[in-house]
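Enquirer: okay, here's the prediction I keep looking at, along with the sequence it came from:
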Amino acid sequence: MDMIASSVEESVMKTCWRMGLPLLLLACHVAPAAAVNLVQGQQLYNLHCAACHGPRGEGVMPEAPKFRLGERLEQPDMMLLQSVRSGKKSMPPFFGILKDAQILDVLAYVRTLR
């Protein structure tokens, strides 16, 4: 019985590996690599983010991360991108307001605030 379970488990793992790796790579791929635009990132940050996160990333709202201190910036861009898209705690979602490339511009700018 253990031999059958082991064989089934091995088969499932192989199938997951074959299907999972391409899906994982696809999920991590947002768009072809493009240079970030820090100027646009700063403009968008000032327009959409500074009211809560502060003009220099010091965090004005109680739950807003203090980017100046590096809070939340240890996360990869794709995780932060998803948080901005869907919203988090008191931050509203920006899906449909900002394009992914614009969010990545903002994230690149935010990383300069440290």
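Expert: Yep, that arrived. Numbering: from 1, shown residues only.
Enquirer: lowest average confidence, helix or strand, in this structure?
Expert: Comparing every helix and strand of the chain by mean pLDDT, DSSP states H and E singles out helix 2-28 as the least confident one, with a mean of 49.
Enquirer: so which bits of the helix or strand where V39 lies are buried?
Expert: Assigned by DSSP states H and E, V39 belongs to helix 38-48. Neighbour-count burial for helix 38-48 flags 41-42, 44-45, 48 (criterion: 16 or more other CB atoms under 10 Å). To be clear about C-beta, it is placed using only N, CA and C from the backbone, and glycine gets the same treatment.
Enquirer: with just CA atoms, put that helix into PDB.
Expert: Extracted C-alpha coordinates of helix 38-48, given in PDB (Å, rounded to 0.1, in the frame of the first residue of the first chain):
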ATOM      1  CA  LEU A  38      11.300  58.300 -11.400                       C
ATOM      2  CA  VAL A  39       9.900  61.700 -12.400                       C
ATOM      3  CA  GLN A  40       6.500  60.200 -13.200                       C
ATOM      4  CA  GLY A  41       6.800  58.100 -10.100                       C
ATOM      5  CA  GLN A  42       7.300  61.200  -8.000                       C
ATOM      6  CA  GLN A  43       4.400  63.100  -9.700                       C
ATOM      7  CA  LEU A  44       2.100  60.100  -9.100                       C
ATOM      8  CA  TYR A  45       3.200  59.700  -5.500                       C
ATOM      9  CA  ASN A  46       2.600  63.400  -4.800                       C
ATOM     10  CA  LEU A  47      -0.900  63.200  -6.400                       C
ATOM     11  CA  HIS A  48      -2.100  59.800  -5.000                       C
END
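Enquirer: could you list the buried residues of the very next helix or strand once past it?
Expert: Using DSSP H and E, the helix or strand that directly follows helix 38-48 along the chain is helix 50-53. For helix 50-53, burial by neighbour count (16+ other CB under 10 Å) applies to 52-53.
Enquirer: neighbouring contacts of helix 50-53?
Expert: Helix 50-53 has contacts (CB atoms under 8 Å, 6 or more residues apart in numbering) with 45, 59-61, 64-65, 67, 90-91, 110.
Enquirer: pLDDT added to those, as a markdown table?
Expert: Shown next, in a markdown table, are these (pLDDT from 0 to 100):
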| residue | pLDDT |
| --- | --- |
| Y45 | 98 |
| G59 | 95 |
| V60 | 95 |
| M61 | 95 |
| A64 | 96 |
| P65 | 96 |
| F67 | 97 |
| S90 | 93 |
| M91 | 96 |
| V110 | 98 |
